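Q: sequence-free structure coming up:
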């Protein structure tokens, strides 16, 4: 249970990241998994103890023994910097072009992780990542880690809400609704798109770091685009544009469907039945949701201005 | 002559088609000018050239004596020249108030740090803008709908919102592209009165594209007539009405 809760919380951070990009700003972004990977690898490489071993005949000589917190912050920073650099050429693209670019780039990151063995140990992955509370017993370790992730999720939720209710959030929504009008009203569109793209990346980077230290080891194949699409389904089901919806959607999809079904007994002779059914159910749920509740479980709410005044 | 907004021999080509052909206009401060012409005459393209949505192939545009062709649309808006669109472009899934509050310039809360910290400065600015937004909505008759999503408005109401929103940017000059199309008789009257009031009380300058002749003829001090991308003539409503070329362009005679 604790491990499911932790996973859900980490994925919720990803959903919040996508919500800033897509839910607020309307950036059709399929690259969340890539920034998740950058965060995970940055943190893993920085926090691993220095090593000098041969992996697949290549000397893997990286590892800096940085403390966990350093890795966490560096992960967010690295993802944000990469997003900024990518954003310069790609954020001028609209709609589906941006989607293709981002999914391509997220795959490129993954292949870099597979091939640059000196840096990432290739498909063997990086193992034995330090856990911040490893001094305690197993249970306490997991418990403390869950609370840490939960605390970070709550902080990020708070930040997302603040952005949504601020004039900044209004500009982002304006861009989502009609870029041309927002431009005509004196807003520098590119700057705001970049802001949404970079903040989303920083969120995803944090999630990546939390994931790496939760699972203790990371491998390139964990960061396939499937993650991006699961996050998309979570956000769509939960309610695009609504942060509570984003978290609820993740809870339903990742918590109940993806992780919860692990405990179902396997049926003799049909080992792949449940994993297969899982995807079918997710697909079905998405279709039903789009048909009967396209705004999601918790629809986007108009900002209440009265409360503030 | 000292113009607030001046276009000098601007040209815009789309492929082999010359949409605007060496067109020159000058709008004096505090006037209401009309821009008329048959469909396809290049009126909207001229608007796009004046507000930076298109870059002219030749010619230049001046606002307050500064050259503005080549600037981005948002930069031109910040200089005090703002436009509306021929087909109303309300931000559909945002409330009327959100539409209005998007527009003001220099909102501190648009910076990430201020947005997250919500300093009192941000909140008080927000309050000021809210008061102003409600005043304007009241005048254009949309106040009671302020919390509705813009997508629920009627065609005429959308055009009203469009003008109201443009006013929230605190402009010196407005370019209105068919502001009364789709509006009822009542709405049209209201908007005309409002434009007059804004000119009289705040000294705003207007350039209006309009097909309804009764609007143009009653509202404008000066009218520019375009045909086939060129300026046919300009003058007072009376002069224009009596001009042979104008009658020919409209009636095709």
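A: Looks like it arrived, so ask away. As the structure is a computational prediction, the values presented were derived from the model and not from experiment. Numbers count the residues shown, from 1 in each chain, chains lettered A, B, ... in the order given.

Q: sec struct for residue 88, please.
A: No chain in the question, so chain A it is. Three-state assignment for residue A:88 (DSSP: H, G, I helix; E, B strand; the rest coil): helix.

Q: could you do chain B instead?
A: coil.

Q: and it, what does it touch?
A: Residues near residue B:88 by Cβ atoms under 8 Å, 6 or more residues apart in numbering or on different chains: B:155, B:158-159, B:161-162, B:182. Just so you know, the C-beta spots here come from the backbone N, C-alpha and C atoms, and that holds for glycine as well.

Q: so how do I select the buried members of these in PyMOL?
A: Buried members of those, defined by 16 or more other Cβ atoms under 10 Å in any protein chain shown, are picked up in PyMOL with:
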select buried, chain B and resi 158+159+161+162+182
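
Q: point out where the chain drops to low pLDDT.
A: As the question left the chain open, I've gone with chain A. Within chain A, the stretches with pLDDT under 70 are A:51-63, A:266, A:304-309.

Q: wrong one, chain B
A: Residues of chain B meeting the criterion pLDDT under 70: B:1, B:252-253.

Q: domain parsing of it, as residue ranges.
A: Domains of chain B are assigned by automatic domain parsing as B:5-90+B:170-251, B:95-152.

Q: the contacts of residue B:88: which two are farthest apart?
A: B:161 and B:182 (12.0 Å; Cβ to Cβ).

Q: hang on, the earlier thing: which of the contacts of residue B:88 fall within helices?
A: B:155, B:158-159, B:161-162 (DSSP state H).

Q: ok so, going back, just the closest of the contacts of residue B:88 to chain A, please.
A: residue B:162 (8.7 Å; Cβ to the nearest Cβ).

Q: now that closest one: how far from residue A:183?
A: In this view, residue B:162 and residue A:183 are 15 Å apart by Cβ to Cβ, to the nearest Å.

Q: repeat that for residue B:28.
A: Computed with Cβ to Cβ, the distance linking residue B:28 and residue A:183 is 28 Å.

Q: now the strands: where do they sit in the stretch 1-150 of chain B?
A: Assigned strands in the stretch 1-150 of chain B, in chain order: B:5-14, B:17-27, B:32-36, B:58-63, B:66-67, B:81-83 (criterion: DSSP state E, counting those that start in this stretch).

Q: now do the helix or strand hosting residue A:145: which elements does it pack against?
A: Secondary structure assigned from DSSP states H and E places residue A:145 in helix A:138-165. Counting contacts by 3 or more Cβ pairs under 8 Å, 6 or more residues apart in numbering or on different chains; DSSP states H and E, helix A:138-165 packs against helix A:2-18, helix A:189-215, helix A:243-250, helix B:112-117.

Q: rerun that using 6 Å as the cut-off
A: For helix A:138-165, the packing partners by 3 or more Cβ pairs under 6 Å, 6 or more residues apart in numbering or on different chains; DSSP states H and E come out as helix A:2-18, helix A:243-250, helix B:112-117.

Q: now those helices as JSON lines including distance to residue A:187 and mean neighbour count?
A: Formatted as JSON lines, those follow (distance: least, Cβ to Cβ, whole Å; neighbours: other Cβ atoms under 10 Å in any protein chain shown):
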{"stretch": "helix A:2-18", "distance to residue A:187": "22", "mean neighbour count": "24"}
{"stretch": "helix A:243-250", "distance to residue A:187": "23", "mean neighbour count": "25"}
{"stretch": "helix B:112-117", "distance to residue A:187": "14", "mean neighbour count": "17"}
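
Q: ok, now how distant is the residue nearest to residue A:249 when sequence neighbours are not counted from chain B?
A: Leaving out its chain neighbours, the residue that sits closest to residue A:249 by Cβ to Cβ, 6 or more residues apart in numbering or on different chains is residue A:238, at 2.1 Å. From residue A:238 across to chain B, the span is 17 Å (Cβ to the nearest Cβ, to the nearest Å).

Q: hmm, residue A:238 is touching residue A:252, no?
A: No - with contact defined as Cβ atoms under 6 Å, residue A:238 does not count as touching residue A:252 (7.2 Å).

Q: what residues does chain A have near chain B?
A: A:159, A:162-163, A:166-168, A:170-171, A:173-174, A:177-178, A:181, A:183-188, A:302, A:305, A:308-309 (Cβ under 6 Å from any Cβ of the partner chain).

Q: what subset of those is buried?
A: Among those, those classed as buried by 16+ other Cβ under 10 Å are A:159, A:162-163, A:166-168, A:170-171, A:173-174, A:177-178, A:181, A:183-188, A:305.

Q: residues from the stretch 1-150 of chain B in reach of chain A?
A: Counting by Cβ under 6 Å from any Cβ, the stretch 1-150 of chain B comes close to chain A at B:73-74, B:77-78, B:83, B:89, B:91-92, B:94-95, B:97-98, B:102-103, B:105, B:107, B:109-110, B:115-116, B:123, B:127, B:130.

Q: close enough to count as contact, residue A:218 and residue A:124?
A: No - under the criterion of Cβ under 6 Å, residue A:218 makes no contact with residue A:124, lying 10.5 Å away.

Q: between the two, who's got more neighbours?
A: Neighbour comparison, residue A:218 and residue A:124: the larger count goes to residue A:218, with 24 against 14 (by other Cβ atoms under 10 Å in any protein chain shown).

Q: look up how far chain B lies from that one.
A: For residue A:218, the distance to chain B - Cβ to the nearest Cβ - is 30 Å.

Q: residues contacting that residue?
A: By Cβ atoms under 6 Å, 6 or more residues apart in numbering or on different chains, the contact list for residue A:218 reads A:40, A:44, A:125-126, A:212.

Q: so residue B:231 sits in a helix?
A: No - according to three-state DSSP, residue B:231 belongs to no helix; its state is strand.

Q: distance of it relative to chain A?
A: For residue B:231 relative to chain A (Cβ to the nearest Cβ), the value is 24 Å.

Q: leaving out chain neighbours, which residue sits closest to that residue?
A: residue B:23 (5.0 Å).

Q: about what we covered before: give me the buried subset of the contacts of residue A:218.
A: Taking 16+ other Cβ under 10 Å as the criterion, what is buried in these is A:40, A:44, A:125-126, A:212.

Q: of all those residues, which comes closest to chain B?
A: Once Cβ to the nearest Cβ is applied, the member of the buried ones among the contacts of residue A:218 that ends up nearest chain B is residue A:40, at 24.7 Å.

Q: quick check: the closest one touching residue A:210?
A: No - contact criterion Cβ under 6 Å: residue A:40 and residue A:210 do not qualify, at 8.7 Å.

Q: next structured bit after the helix holding residue A:145?
A: Using DSSP H and E, the helix or strand that follows helix A:138-165 towards the C-terminus is helix A:167-177.

Q: for residue A:92, phi and psi?
A: Here is the backbone geometry of residue A:92 (degrees, to the nearest 10): phi -80, psi -10.

Q: so the closest residue to it other than its chain neighbours versus residue A:105, what's the distance?
A: Among residues not flanking residue A:92 along the chain, residue A:190 sits closest, at 7.0 Å (Cβ to Cβ, 6+ apart). Distance, residue A:190 to residue A:105, by Cβ to Cβ: 18 Å.

Q: those two: which has the busier surroundings?
A: Between residue A:190 and residue A:105, counted using other Cβ under 10 Å, residue A:105 has the larger neighbour count: 18 against 15.

Q: helix or strand for that one, which one?
A: With DSSP H and E as the criterion, the answer for residue A:105 is helix A:95-115.

Q: quick one: that helix to chain centroid distance?
A: Counting by Cα atoms, centre = their mean, to the nearest Å, helix A:95-115 is centred 14 Å from the centre of its parent chain.
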